[in-house]
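K.L.:
no sequence on hand, only this structure:
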């Protein structure tokens, strides 16, 4: 590694684990570790775990670290450094993570919403490196989104922009956790998807999913659906195609509203094969307004393993 | 009028009429006229009509004119001055209106899409005067949109942003003229709305709309539906409430994606009474994500008569 190389710490704050890593300016992970978040015990314990993780990763470190980036769930004010009401963090309310960690480590701290951090990660290190503008969609338990416009994160009036997962594709559709109806998250978010497929599988006894799971529906995950689809299972193929249709319909609406034609899809589902991406692309093209149609590109995210750590560290390189 | 007052010419290019006016920096119309567009005869005739209208309004003028703004349907490149494929202008393709008019009148020309011009008009002269960011929706034959973010028009990658009318609220909804399905335009655009209500009225013989129309369904317009609703007609009230629900569902999606919480509704339907605005507001509040909820404002446009001329003239004050 050249001596001039610069480094940042990325902290991926999740409901289960705090993942911490040192990342080079080229996006390579030099060192990483993972601790339990202990979100249920309360915010003091979570903060202690973050400090512990960062402390451990810094112990013995001789690299020049430019800052610490934190990707957090919830509503984040990067300016102030606060994190508000992260889901599944009981007792949290509003906490100034930026201030607390700056006091502890005396280094620049950059806090950002995790979906926005993912978008910045793809822009700095991944599939968005050569792109001026794109929409990042992160498919996981929730469906996150981040809007990159002309090389900058579009944050809206108060920093809450990018919630593509809570755009509705059917105003009378299934109820979403957020309280609205027919949000794309309520169709393709992991839990919703797995629950729906579990229900439907009883009408599809012939599906290979049953064999893969050895009849234990509790083992069902989105990637198993994709595995079955890739092996030619008709029912699984129809599920994947449908996911693409729902996602595609949402992205066509986004493209019409924003005139941004490139989409990067990340999260667990980004491990899905070509059929999902083909279905999304075809759907967007068939639904978007003509002037935008030929510019539509649907790309898989490049940051896969450790995307959370890398995205968080990218905040440092993006902002400093 | 103070001598320092500045003026601009606004040209509202419509499929039926070219409306031209001189507008003061305060948004007052000093002089105006209207000519037929003759769109069916072809682009040369349309251009001749625009020149004629501007020529007539300038004849005898002694005010200092800072420029000419043109609000046009179709895809507009304000940078180049071109107008591409305006719907209902046969034989048009792509024409550089900016260049042609600059050559004719030797004055700064500002060409913009009509929905964007409406948004800029509200920002400079209307309900958006004191707002930093808002989404403008223009309800007419089509449903237009314009995004104002931090005092600037958000144009997207290639200038086509703001097409809120072609965001889908039901991916399996009615077919829209644009080729997609369930676009909000396919629910609340004048023609779609009138057609649907005409069909439904046979099941609502008791509706006051029948009396207002003296049984001639061909006279039905959106404002007549509002008139019946205001007078307490239950069926008409349900139509207005439904319009608000469809619009509200769309605006909640927009607010979640962009974190912009203020909406200005213009066009013919902006003449509707409180019930429509109440229905939109209630729907957005019930569907939008919590952090944005308390910031939602749905306002009627202030520019009503001559909104097209004023919006076009506002382009001059906005850009110069």
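P.N.:
Yep, it's here. Not measured: the values here are computed from a predicted model. Residues are numbered from 1 along each chain as shown, chains lettered A, B, ... in the order given.
K.L.:
report the secondary structure state of the residue sitting nearest the centre point of chain A.
P.N.:
Geometric centre of chain A, nearest residue: residue A:138, 3.4 Å, by CA atoms, centre = their mean. Recorded secondary structure, residue A:138: strand (DSSP: H, G, I helix; E, B strand; the rest coil).
K.L.:
gap between it and residue A:269?
P.N.:
Using CB to CB, to the nearest Å, residue A:138 is found at 9 Å from residue A:269. No exception for glycine: its C-beta is placed from N, CA and C like everyone else's.
K.L.:
stretch A:132-142 near chain B at all?
P.N.:
Yes - Stretch A:132-142 comes into contact with chain B (CB under 8 Å from any CB of the partner chain), by way of A:132, A:133.
K.L.:
for that stretch, which positions count as buried?
P.N.:
Using 16 or more other CB atoms under 10 Å in any protein chain shown as the test for burial, stretch A:132-142 gives A:133, A:134, A:135, A:136, A:137, A:138, A:139, A:140, A:141, A:142.
K.L.:
partner residues bridging residue A:145?
P.N.:
residue A:137 (DSSP bridges).
K.L.:
could you give the number of residues near it?
P.N.:
28 (other CB atoms under 10 Å in any protein chain shown).
K.L.:
so it touches residue A:134, yeah?
P.N.:
No - the criterion here is CB atoms under 8 Å, and residue A:145 misses it with residue A:134 at 11.0 Å.
K.L.:
need the overlap of contacts for the two.
P.N.:
residue A:119 (CB atoms under 8 Å, 6 or more residues apart in numbering or on different chains).
K.L.:
and the one residue in the stretch 51-200 of chain A that gets nearest to chain B, helix, strand or coil?
P.N.:
Residue of the stretch 51-200 of chain A nearest chain B, by CB to the nearest CB: residue A:156 (2.5 Å). Under three-state DSSP, the three-state class of residue A:156 is coil.
K.L.:
name the nearest residue to it, sequence neighbours excluded.
P.N.:
For residue A:156, ignoring the flanking residues on the chain, the nearest one in space by CB to CB, 6 or more residues apart in numbering or on different chains is residue B:259 at 2.5 Å.
K.L.:
same deal with residue A:279?
P.N.:
Using CB to CB, 6+ apart, the closest residue to residue A:279 is residue A:244 (2.4 Å).
K.L.:
with residue A:14 instead?
P.N.:
residue A:37 is the one closest to residue A:14 (CB to CB, 6+ apart), at 6.3 Å.
K.L.:
which residue ranges of chain A form helices?
P.N.:
A:43-58, A:97-105, A:114-125, A:185-188, A:190-201, A:208-212, A:222-230, A:234-258, A:274-287, A:290-293, A:307-319 (DSSP state H).
K.L.:
need the winner for burial among those helices.
P.N.:
Per residue and on average, the most neighbours among these fall to helix A:114-125, with a mean of 29 (mean count of other CB atoms under 10 Å in any protein chain shown).
K.L.:
any part of it near chain B?
P.N.:
No - Helix A:114-125 lies apart from chain B when judged by CB under 8 Å from any CB; the minimum separation is 11.3 Å.
K.L.:
you'd agree the residue nearest to residue A:14 is up against residue A:15?
P.N.:
Yes - judged on CB under 8 Å, residue A:37 makes contact with residue A:15 at a distance of 6.3 Å.
K.L.:
in terms of neighbours, single out the busier of those two.
P.N.:
residue A:37 (21 against 14).
K.L.:
for that one, what are its contacts?
P.N.:
Residue A:37 sits in contact with A:13, A:14, A:15, A:16, A:17, A:18, A:46, A:49, where contact means CB under 8 Å, 6+ apart.
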